[in-house]
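okay, here's the prediction I keep looking at, along with the sequence it came from:
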Amino acid sequence: MTNSARRRFIGIVAATSALALAPGLLRRAQAAIVPTCWKGVALGADAELRLYHPDPRAAEQLIERALQELHRLEGLFSLYRDDSALSVLNRQGYLADPPSDLVRLLSESRHYADLTGGLFDPSVQPLWRVYADHFARAGASPAGPAQTDVAQALKHVSYKAIDVDTQRIRLQPGMALTLNGIAQGYITDRVTELLRNAGLERALVDMGEIRGLDASANAAGWKVGLADPLAPEQILAQVPVSNQALATSGGYGTPLDAAGQYTHLFDPRSGQARPLYRSVSVMASTATAADALSTAFSNMPLADCAAVVRDQGVTAWMVLPDGKLVTQSGLV
């Protein structure tokens, strides 16, 4: 299964009308702008852009520029393209003169790995191979791959063993990387920055994770629904997103086995593929942070999550195995 199911975790419910409530004809005119929209796919996941621009033609041109940036970054981070920089790195074990965005994202990955005690780790790709190969075999044991195979894969899982600088990226033999736990957020941020730098004041960007852009004061933004993991077609909670980003990780969106017991959310310490929560959502100032933290929190006890939440000033929603929703906030 591809990660396209991940987009069922969160969905845009509605745009608020806060601008219309503000005084002044200019704000009323801004609020009345009908968004120019695009829907498609980014890194195998559903994606969407909503640009609020008084000139639809100019908005379409900005969308074209945003899609060019999306496609450029997909050419770096995608595991589904054999010619991507990441795929070449995994195949060769090294990459000379690496693209600056790949160096930057791996540096960001190291930051979030350090921050979460290694629970965010882009080097878990060998674990995915072990589990995917096991469940692809006819008559595969529902108990998962042999522990000896998992232990062997774990020998090649260590974010600290990734050698990165502007001249070269080198992996240890047997290592392979995945950026699926952070790349959607990074692309969302890069597209948002492109639109802001072009002078756009209001937009909703969803390149796998959601980020709002609104230059107006006290903007209420958009209402975003968090899916109920026990009934994904239903909304468990609604949260407002304005000049923040929201990301969700949930194993039920990408099961590795027919029973849905094993997922892509690997614990880099044990090699297990059964996260602690049905889903984790994080709201942060950037989509990169929200994406990485939601991935890491999936295998982090609540008390440890709370410490990071407080330290980083983010908000997190964890859906426990029994369906109970726990909210943690580090905002003051």
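Received, thanks. Residues are numbered from 1 along each chain as shown.

for the chain, which helix is longest?
helix 56-77 (DSSP state H).

show me which positions of stretch 41-49 end up buried.
By 16 or more other CB atoms under 10 Å, the buried positions in stretch 41-49 come out as 42, 43, 44, 45, 46, 47, 48, 49. From N, CA and C alone the C-beta is placed, and that goes for glycine too.

which one of those is nearest to residue 77?
Set against residue 77, the nearest of the buried residues of stretch 41-49 by CB to CB is residue 43 (6.9 Å).

hmm, that closest one is touching residue 76, no?
No - if you go by CB atoms under 8 Å, residue 43 and residue 76 don't touch, sitting 10.6 Å apart.

the closest residue to residue 259 other than its chain neighbours and residue 244, how far apart?
Using CB to CB, 6 or more residues apart in numbering and skipping the chain neighbours, the partner closest in space to residue 259 is residue 142 (6.2 Å). Using CB to CB, to the nearest Å, residue 142 is found at 40 Å from residue 244.

more neighbours: those two, which one.
residue 244 (20 against 10; other CB atoms under 10 Å).

phi first, then psi, for the more buried one.
phi -130, psi 180 (degrees, to the nearest 10).

my guess is it contacts residue 282. True?
No - applying CB under 8 Å as the test, residue 244 and residue 282 come out as separate, 10.1 Å apart.

thinking again about what came up before, A strand includes the residue nearest to residue 259, no?
No - counting by DSSP: H, G, I helix; E, B strand; the rest coil, one finds residue 142 to be coil, located in no strand.

surely it meets residue 256?
No - if you go by CB under 8 Å, residue 142 and residue 256 don't touch, sitting 11.3 Å apart.

low-confidence regions, the protein specifically.
Counting by pLDDT under 70, the chain has low-confidence residues at 1-31, 217-220, 332.

once you drop chain neighbours, what's closest to the residue nearest the centre of it?
Taking CA atoms, centre = their mean as the criterion, residue 291 is the residue nearest the geometric centre of the chain, at 3.6 Å. Distance criterion CB to CB, 6+ apart; nearest residue to residue 291, sequence neighbours excluded, is residue 185 at 2.9 Å.

thinking again about what came up before, just flag the most distant two among the buried residues of stretch 41-49.
Distance extremes for these: the farthest pair is 44 and 49 at 17.2 Å, using CB to CB.

contacts for stretch 272-279 next, please.
For stretch 272-279, contacts defined as CB atoms under 8 Å, 6 or more residues apart in numbering pick out 9, 127, 131, 144, 150, 226-227, 229-230, 248-252, 256, 261-267, 297-301, 317-321, 323.

taking the residues you listed one by one, which sit in helices?
Here DSSP H is the test, and those give 127, 131, 150, 297 as lying in helices.

what's the neighbour count on residue 167?
If you count neighbours by other CB under 10 Å, residue 167 ends up with 9.

can you give me the neighbour number for the spatially closest residue to it that is not a sequence neighbour?
The shortest distance from residue 167 to any residue other than its chain neighbours is 6.9 Å, reached at residue 97 (CB to CB, 6+ apart). Neighbour count for residue 97, taken as other CB under 10 Å: 9.
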